[in-house]
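Colleague: missing the sequence, but the structure's below:
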């Protein structure tokens, strides 16, 4: 028989703040969230409760009742992160865990409870451990998810266990809201005098469905085990991180490197075991006097090699000023991607690619990722749109250049520069650009290009001319046909 | 006549013109970038091109493709001259690049070029400083002056050489094929 344990954390946002050591939580304190066009209290601490404030009050009302009340808005991201770490922690109880967002967990404990000496002791131990972490919890154990959930949230004791096969009996006296159905349905049922789940047992389910919709019969069916409702275990995303505390503050470069090497060895081994690599590594160094310093390095491809991580951190670590030493370190791998070990070819090509990647990584880490770029081909026939630039470190694969069909100048100016006509013609016979005067010896053209109508911007057609000047240089001139008098621009320079 | 003695690890540009690796070379003149591209094409591996964003983003891979595979290029843009110099030093230091090319405007002075030279030696990388303004007394290994002289013809003049003699070459682009020797050193040294 399947057994389900449901843990409910009734004050998760409050507990998060308490664990952080937020001084506000020492007085009357509440978490607020916006609902029904008003800020309302969602979680209230002991002192605030004693002052007469309850969850669900609007913020102005609560302030009127308790003027000392301090509040903070809910931070869903951080609370979700705390729930996910609690999910990782709950591995100690059962391997089959699913989150019940935003503030609960389901554990399938079939065949696990005896390891702890029974369900009661298991639940007690879980509560004791959570208590150590300063997190309040309530536990319900039943044959079904719905049953365990209802018992955790709506029974009067902190631990409620429905014996095997007795879920139906245990749920009998709980209110309808425990079934997790629409509040409108609950209100509708209440208006007909149905307040507890037990009262629903006496009504035929087809009549219930006809009057109150399928939602309620489905909820009742799953809670009583008449309809299947399995736990889909979502594995918590693993965190690849390691930390180290040293008894005495250290500051020598060699010591720091030794710490870094151990940390990265631990992280990289785990990454390698999972066939994963990280694009970014973050090292937090806590100095005894100046607090936390966060160093970051990036990689041009997923990396899980201890040596490379240490190598990339060498430069920023060297730059870090540690006067009185540091005693706490944490290395975390971010942007985890699958590691694709590639079949290396024969010859020098793979070696070259390896050193290329390392060069891009090093340059990007030292200069900034946006400063180090590579060419990327674009699908266009306009000379200035034919190519673009991409950040070198962010490439999923080695960029490949496919040759463009036409010969273009070595420098193509994004904004053509206007020339000063000295002797007009098509193309001009003599012109001035900057301080030099050029006379045209030979010209080739025009190459007429029409604008791309699907792009915004200049829609004029253009004529390009290659002109060879008397001093040997070749220039690329541009004019817009149909203009009078024609203006000439310098669009590029051949080598 | 060898431009560089063979004590150095050097790359050959053809017609017994050698350019020492692990050294910084200065190139001036309006066709300096062609010189840099030619040298880069004679190496294998990544080519780092450093410059002001405005100059750097005008560099067209659609033209480079006839000399060299544009995907070998790593473009580094700096905002100020100091940033470009620093980027050049870092790129030379980290090794792994076949060639580091920097557009510098005015040439580096003695102190700066000495630092670059040391970085090039430490990383074993070939450095090329493209100078569009004035050159200064520097610690560079060689200094070249490149000007076009006729259509598809260029004059490469070696105006300074720390270890070797000076020379003057006439250069033309030979074939369309990237793999073939792209620059033909037509005439022998005249100086």
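Modeller: Sure thing, it's come through. Predicted, not measured: the structure shown is a model, and the values here were computed from it.

Colleague: what distance separates stretch A:326-335 from the centre of its chain?
Modeller: How far stretch A:326-335 lies from its chain's middle: 18 Å, per CA atoms, centre = their mean, to the nearest Å.

Colleague: wait, what's in contact with residue B:139?
Modeller: Neighbouring residues of residue B:139 by CB atoms under 8 Å, 6 or more residues apart in numbering or on different chains: B:24, B:110, B:113, B:114, B:116, B:117. For glycine as for every other residue, the C-beta is placed from the backbone atoms N, C-alpha and C.

Colleague: Then it would be within a helix, right?
Modeller: No: using DSSP: H, G, I helix; E, B strand; the rest coil, the secondary structure at residue B:139 is coil, not a helix.

Colleague: Tell me how many other residues surround residue A:163.
Modeller: When neighbours are counted by other CB atoms under 10 Å in any protein chain shown, residue A:163 registers 12.

Colleague: Residue B:47 now?
Modeller: Residue B:47 has 26 neighbours, counted by other CB under 10 Å.

Colleague: Grab the nearest non-local neighbour of it.
Modeller: The shortest distance from residue B:47 to any non-neighbouring residue, by CB to CB, 6 or more residues apart in numbering or on different chains, is to residue B:40 (4.5 Å).

Colleague: what helix or strand is that neighbour on?
Modeller: helix B:32-41 (DSSP states H and E).

Colleague: What is that helix packed up against?
Modeller: Judged by 3 or more CB pairs under 8 Å, 6 or more residues apart in numbering or on different chains; DSSP states H and E, the packing partners of helix B:32-41 are strand B:10-14, strand B:97-105, strand B:126-131, strand B:142-150.

Colleague: what's the pLDDT at residue B:171?
Modeller: Residue B:171 is assigned a predicted lDDT (pLDDT) of 80.

Colleague: For the residue of chain B found nearest chain A, which residues are in contact?
Modeller: Per CB to the nearest CB, residue B:148 is where chain B lies closest to chain A, at 3.2 Å. By CB under 8 Å, 6+ apart, residue B:148 lies in contact with A:471, A:472, A:473, A:474, B:30, B:31, B:154, B:155.

Colleague: Can you flag which of the residues you listed belong to helices?
Modeller: With helices defined by DSSP state H, no entry of the contacts of residue B:148 lies inside them.

Colleague: looking at the chain, which helix or strand is least sure?
Modeller: Going with chain A. Across the helices and strands of chain A, mean pLDDT, DSSP states H and E gives its lowest value to helix A:349-367, namely a mean of 77.

Colleague: That was the other one, I meant chain B.
Modeller: Least confident helix or strand, chain B: strand B:183-187 with a mean of 56, by mean pLDDT, DSSP H and E.

Colleague: give me the number of residues near residue A:184?
Modeller: The number of residues packed near residue A:184 is 10, by other CB under 10 Å.

Colleague: Counting neighbours, which bits of the host helix or strand of it end up buried?
Modeller: For residue A:184, the element it lies in under DSSP H and E is helix A:183-191. If you call a residue buried by 16 or more other CB atoms under 10 Å in any protein chain shown, then helix A:183-191 has these buried ones: A:185, A:186, A:188, A:189.

Colleague: Relative to residue A:253, which of those residues is nearest.
Modeller: For the buried residues of helix A:183-191, the closest approach to residue A:253 (CB to CB) belongs to residue A:186, at 65.5 Å.

Colleague: Name the stretch among the helices and strands packed on helix B:32-41 that sits most buried.
Modeller: Scoring the helices and strands packed on helix B:32-41 by mean neighbour count under mean count of other CB atoms under 10 Å in any protein chain shown gives strand B:126-131 as the most buried, with a mean of 27.

Colleague: Paired strands for it, with orientation please.
Modeller: Its sheet considered, strand B:126-131 pairs with strand B:24-28 (parallel), strand B:97-105 (parallel) by DSSP bridges.

Colleague: Stretch A:191-200: end-to-end distance?
Modeller: Using CA to CA, to the nearest Å, one end of stretch A:191-200 lies 14 Å from the other.

Colleague: Return the distance of that stretch from the chain's centre.
Modeller: The chain centroid and the centroid of stretch A:191-200 are separated by 44 Å under CA atoms, centre = their mean.

Colleague: quick check: mean pLDDT across it?
Modeller: Summarised as a single mean, pLDDT over stretch A:191-200 is 88.

Colleague: list the buried ones in that stretch?
Modeller: Across stretch A:191-200, burial judged by 16+ other CB under 10 Å covers A:194, A:197, A:200.

Colleague: got it, and stretch A:102-120?
Modeller: Those would be A:103, A:104, A:105, A:106, A:107, A:108, A:109, A:112, A:113, A:116, A:119, for stretch A:102-120 by 16+ other CB under 10 Å.

Colleague: And for stretch A:222-235?
Modeller: For stretch A:222-235, a neighbour-count test (16+ other CB under 10 Å) marks A:222, A:223, A:224, A:225, A:229, A:231, A:233 as buried.

Colleague: Low-confidence ranges, chain B, go.
Modeller: By pLDDT under 70, the low-scoring segments of chain B are B:1-8, B:14-16, B:174-191.

Colleague: Flag the shaky bits of chain A, pLDDT-wise.
Modeller: Looking at chain A by pLDDT under 70, you get A:236, A:341-353, A:396.

Colleague: So in it, which helix runs the longest?
Modeller: Using DSSP H to define each element, chain A has its longest helix at helix A:253-273.

Colleague: just checking, what packs against it?
Modeller: Partner elements for helix A:253-273 (3+ CB pairs under 8 Å, 6+ apart): strand A:241-250, strand A:276-287, helix A:306-319, strand A:326-338.

Colleague: okay, the angle between the second one and helix A:253-273?
Modeller: By that I understand strand A:276-287. 150 degrees (axes from the mean of the first three to the mean of the last three CA atoms, to 10 degrees).

Colleague: Hmm, residue A:378 and residue A:386 touching each other?
Modeller: Yes: with contact defined as CB atoms under 8 Å, residue A:386 counts as touching residue A:378 (5.9 Å).

Colleague: who has more neighbours, these two?
Modeller: Relative neighbour count places residue A:386 above the other of residue A:386 and residue A:378, with 19 against 12, counting by other CB under 10 Å.

Colleague: chain center to stretch A:242-262, what's the gap?
Modeller: Relative to its parent chain, stretch A:242-262 has a centroid offset of 29 Å by CA atoms, centre = their mean.

Colleague: Identify all contacting residues around that stretch.
Modeller: Applying CB under 8 Å, 6+ apart, the external contacts of stretch A:242-262 come out as A:263-264, A:266-267, A:283, A:285, A:287-288, A:306, A:309-310, A:313-314, A:317-318, A:322-331.

Colleague: Now do the longest helix of chain A: distance to the chain's middle.
Modeller: The answer for helix A:253-273 is 24 Å, by CA atoms, centre = their mean.

Colleague: got the buried residues for it?
Modeller: Under 16+ other CB under 10 Å, the buried positions of helix A:253-273 are A:256, A:259, A:260, A:263, A:264, A:265, A:266, A:267, A:268, A:270, A:271.

Colleague: Let me see the contact set for residue A:177.
Modeller: With the criterion set at CB under 8 Å, 6+ apart, residue A:177 makes contact with A:154, A:183, A:186.

Colleague: now do residue A:220
Modeller: A:179, A:197, A:200, A:205, A:208.

Colleague: want to throw the residues you listed into a markdown table with distance to residue A:481 and secondary structure?
Modeller: Shown next, in a markdown table, are the contacts of residue A:220 (distance: CB to CB, whole Å; DSSP: H, G, I helix; E, B strand; the rest coil):
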| residue | distance to residue A:481 | secondary structure |
| --- | --- | --- |
| A:179 | 76 | helix |
| A:197 | 83 | helix |
| A:200 | 83 | helix |
| A:205 | 80 | helix |
| A:208 | 80 | helix |
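
Colleague: Just the closest of those to residue B:83, please.
Modeller: Nearest to residue B:83 among the contacts of residue A:220 is residue A:179, at 65.6 Å by CB to CB.

Colleague: Looks like the closest one contacts residue A:223 (just checking).
Modeller: Yes: taking contacts as CB under 8 Å, residue A:179 lies within contact range of residue A:223: 6.2 Å.

Colleague: which neighbours do the two share?
Modeller: A:146, A:150, A:197.
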